[in-house]
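>>> Build me a model:
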Amino acid sequence: MDMKFSLTLPREALSVPVIRRVLGDALRGLGVSEDCIGDILVAASEACTNVVRHSTTTEYEVVGRIDDETCSLKVTDHGTGFRRPRPMEDLAESGRGMGIMRALVDDLTLTATPHGVSVELCKRLTWHDEALMRRLESELVHSAR
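Numbering: from 1, shown residues only. Model prediction:
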C-alpha cells in the first residue's frame with residue numbers, strides 16, 4: 001500500500017485544522033493506532049503553524065506519503081527562507097515547536113534555502129490489531145495458497 005497526497009493551502013490559521021482532518025481521517029481509515037495518529041497530528045500542526053506564523057508567502061504545501069511502515073510529511077513554504085535569528089528572550093512563548101516535533105516523530109529534517117523552508121517529518125506507524133492493512137495482508141496470503 002502506498003498513499004500519497006499533496007495539498008496547497010493558504011497561509012492562514014484555518015488551514016491547520018484542514019491538514020489535521022485530512023491526515024487524521026486517512027490514518028484512521030487505514031487502521032493506524034490512535035497514539036500514533038496523535039503524535040503525527042501534533043507534529044504536523046506544529047510544522048504548519050510555523051509556516052502560518054513565520055512565513056512570508058501567501059500559501060504553503062503539504063505533501064504526505066503513507067506506506068505499510070511509515071508516514072512521511074513535507075511542509076514547505078516558498079517564501080524568503082529564515083529571517084535573522086531571534087534573541088533567546090524572545091523565545092519564551094514561542095520557539096518550542098521544533099522540540100515538540102522532534103519528540104513526536106522518528107526523523108525530522110529542516111531545510112532552508114533563499115526560496116523557502118521545508119520541514120520533513122517521518123514517523124514509524126503502529127497499527128490496530130484489526131487494521132485494514134493487516135486484513136489485506138492475510139487475504140493476500142490466503143489467496144496465494
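>>> so what's the closest residue to T109 other than its chain neighbours up against?
Among residues not flanking T109 along the chain, E120 sits closest, at 4.3 Å (Cβ to Cβ, 6 or more residues apart in numbering). Just so you know, the C-beta spots here come from the backbone N, C-alpha and C atoms, and that holds for glycine as well. Going by Cβ atoms under 8 Å, 6 or more residues apart in numbering, E120 touches S72, L73, K74, D107, L108, T109, L110, T111.
>>> E120 and V51: what is the separation?
13 Å (Cβ to Cβ, to the nearest Å).
>>> rewinding a little: ok, and the most crowded of the contacts of E120?
Neighbour counts for the contacts of E120, by other Cβ atoms under 10 Å, peak at L73, which reaches 23 neighbours.
>>> Show me what that residue bridges to in the sheet.
Going by DSSP bridges, L73 is paired in beta bridges with G64, L121.
>>> Is it in contact with A47, as I believe?
Yes: using Cβ atoms under 8 Å, L73 is in contact with A47, at 7.2 Å.
>>> Spell out which residues are contacts of both of the two.
L121.
>>> got a list of contacts for the longest helix belonging to the chain?
Once the chain is assigned using DSSP state H, the helix that runs over the most residues is helix 34-54. If you take Cβ under 8 Å, 6+ apart as the criterion, helix 34-54 is touched by 9, 11-13, 15-16, 19-20, 23-24, 27-28, 57, 60, 62, 71, 73, 75, 77, 83, 94, 97-98, 100-101, 104-105, 108, 117, 119, 121, 123, 125-126.
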